[in-house]
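[1] model this:
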Amino acid sequence: MNAAVEYDYDMIVMGSGPAGQRAAIQAAKLGKKVAVIEHKAVVGGACINTGTIPSKTLREAVMHLSGYRERNIYGSSYQVKQNITIEDLLFRAQFVIQAELDVVRHQLQRNGVEMIAAEAKFAGPDTVALVGLDGRGRREVRARRIVIATGTNATRSGRIPFDAQNIFISDDVLGLKRLPKSLCVIGAGVIGAEYATIFATLGVRVTVVDKRDRLLDFVDHEITDALVYQMRQNRVTFRLGEEVEGLEYTEDAEHGARVKVKLQSGKQIVTEKALYSIGRTGATGNLDLAHAGLTADERGRIKVDAHYQSDVKGIYAVGDVIGFPALASTSMEQGRLAACHAFGVDATSVPELFPYGIYTIPEISTCGKNEEELTEAGVPYEVGKARYQEIARGQIIGDKTGLLKLVFHAETRQLLGVHIIGEGASELVHIGQAVMAFDGTVDYFVRTVFNYPTLAECYKTAAFDGINRLG
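    Alright, predicted model coming up:
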């Protein structure tokens, strides 16, 4: 970029989701002049408004109102509230969304980040055209560094007759007018699996369709097998290895409103509503990437290097727009690292130890290598397991199905992976993550005293189990 050019900003960030927020705040803390461009009426991106925060809040509301956590103690018919409505769930979601929006706005304001409500388009490798949200008015601004953090949109098919009520995507869930009695979830990725378990916990009869043979195939298979078992116990039907040929919405006096899901195998699923969740596409279609010398792949994703810099020097991309793992936590770290690299500040992270949190019911969290990866790499390993039902805390909270699994090197005993399914999994995983960050061994858990009664005791029980397996 030309040093003689007079720049309006040191950094422009396109998008105000977790990745954009962290990039902007990090640059501002380095004393840089930063602007965040957001084309929606509110900040926070999909994470706060339609994705992570709403879905996890809905999940928490479902867990509470359905009495799910107490059913192992008080019986399967136990409920905190009978006849749960969509209004009951949305009340909590809207409360949390507003609180989070206020937190994000305050963080950006107190760090001196300028917020600009406009649609951003590239007019050059260092120039961004700002178009007013009403489609009127256009001006151009220049920046030394540009960060693309526009996130993703739910992938749609032109063959599907979406109406946001009967055939809908995950972004439409907050707009549903009523809960269905039956639901077909098309696509068993993270989002599809999460919503399938949420609706099933409410008593909705759920069918899951996916062309893959396994649910969440990047997760340790023993953990996903446990999830599938729990989902089946909750009346979820799986149609794996099946592809959808088409969807049809019908309504008549005799049967009412129904959705017919036709599979390529000839099967037909008749359901009240259908959730289409086959993944997400990078929100890059309106950025005029070509004006900056950039291209996106067929799913709208931008290729970056280890520092999150694109093929064009000075332009970075972070968050869901670069693809897997597309988690709010990893997106935030990518934003921080990109901003540091953009201004020559040394910053490191350990991507191989990024934890994954999957908020199904029960929830899943993993960190490090799983059995399948180590087997493929030819690494000698052993496992240690602890079931929540062995731990006093598991009995107290009523979770008798949870499982914590340690994977460690069979010779050096170095901890290589932690995989958990059950209550508090996404919190519990961080203990194992910290031990792996310092190259700790499974013996650490044997020597350590954990509070009693806690789920953290699972680490000690699993460590003893694994060491005993070594003979």
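
[2] most centrally placed residue in this structure?
    Nearest residue to the geometric centre of the chain (C-alpha atoms, centre = their mean): residue 327, 4.4 Å.

[3] any idea how far residue 371 is from that residue?
    If you measure residue 327 against residue 371 using C-beta to C-beta, to the nearest Å, the figure is 22 Å. The C-beta positions use only the backbone N, C-alpha and C, and glycine is treated the same way.

[4] next: residue 420.
    The spacing between residue 420 and residue 371, counted by C-beta to C-beta, is 14 Å.

[5] more neighbours: those two, which one.
    Taking other C-beta atoms under 10 Å, residue 420 and residue 371 do not tie; residue 420 has more neighbours (32 against 18).

[6] how about residues contacting the one helix or strand the more buried one maps to?
    Per DSSP states H and E, residue 420 falls inside strand 415-421. The contact list for strand 415-421 (C-beta atoms under 8 Å, 6 or more residues apart in numbering) reads 219-220, 222-223, 226-227, 362-370, 374, 379, 381, 401-409, 428-429, 431-433, 435-436, 440-442, 444, 458.

[7] name the strands paired with it and say parallel or antiparallel.
    Sheet pairing of strand 415-421 (DSSP bridges) gives strand 364-368 (antiparallel), strand 403-409 (antiparallel).

[8] reformat the ones you listed into CSV and put distance to residue 354 and mean neighbour count next to each item.
    Putting the strands paired with strand 415-421 into CSV (distance: least, C-beta to C-beta, whole Å; neighbours: other C-beta atoms under 10 Å) gives the following:
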stretch, distance to residue 354, mean neighbour count
strand 364-368, 8, 26
strand 403-409, 17, 25
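
[9] mind putting these into CSV with mean pLDDT and distance to residue 241?
    CSV is the format used below for the strands paired with strand 415-421 (pLDDT from 0 to 100; distance: least, C-beta to C-beta, whole Å):
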stretch, mean pLDDT, distance to residue 241
strand 364-368, 96, 22
strand 403-409, 98, 26
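
[10] nearest to residue 349, out of these?
    Nearest to residue 349 among the strands paired with strand 415-421 is strand 364-368 (13.7 Å), distances taken as C-beta to C-beta.

[11] name the residues that touch that closest one?
    216, 219-220, 223-224, 227, 352-358, 407, 415-421, 425-426, 428-429, 432-433, 436.

[12] is it possible to mark the buried ones in those residues?
    By neighbour count, with 16 or more other C-beta atoms under 10 Å, the contacts of strand 364-368 hold 216, 219-220, 223-224, 227, 354-358, 407, 415-421, 425-426, 428-429, 432-433, 436 as buried.

[13] so which strand or helix has residue 325?
    Using DSSP H and E, residue 325 sits in no helix or strand.

[14] in its sheet, what does the longest strand seen in the chain sit against?
    The strand that spans the most residues within the chain, counting by DSSP state E, is strand 138-148. Using DSSP bridges, the strands paired with strand 138-148 are strand 9-14 (parallel), strand 127-131 (antiparallel), strand 315-317 (parallel).

[15] using TSV, lay out those together with mean neighbour count.
    As requested, these are arranged in TSV below (neighbours: other C-beta atoms under 10 Å):
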stretch	mean neighbour count
strand 9-14	26
strand 127-131	20
strand 315-317	27
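
[16] domain assignment for the protein?
    Split into domains by automatic domain parsing, the chain comes to 9-154+281-351, 167-278, 362-469.

[17] now stretch 286-296, how far from the centre of its chain.
    Taking the mean of its C-alpha atoms, stretch 286-296 sits 26 Å from the chain's own mean (C-alpha atoms, centre = their mean, to the nearest Å).

[18] any buried residues in it, and which?
    287-289, 292, 294, 296.

[19] quickly list what residue 127 is bridged to.
    Beta-bridge partners of residue 127, as defined by DSSP bridges: residue 124, residue 142.

[20] where do the helices of the stretch 251-400 of the chain begin and end?
    Ranges of helices in the stretch 251-400 of the chain, per DSSP state H, counting those that start in this stretch, are 328-342, 371-377, 392-397.

[21] ok, residue 140 - contacts?
    Residue 140 is in contact with 123, 127-130, counting by C-beta under 8 Å, 6+ apart.

[22] apply 6 Å and report the result again.
    Contacts for residue 140 (C-beta atoms under 6 Å, 6 or more residues apart in numbering) come out as 123, 127, 129.

[23] what's the distance between it and residue 59?
    From residue 140 to residue 59 the distance is 43 Å (C-beta to C-beta).

[24] is it true that residue 370 touches residue 219?
    No. In this structure residue 370 lies outside contact range of residue 219 using C-beta atoms under 6 Å: 7.0 Å.

[25] pLDDT weak spots in the stretch 1-150 of the chain?
    1-5, 41-51, 134-135 (pLDDT under 70).
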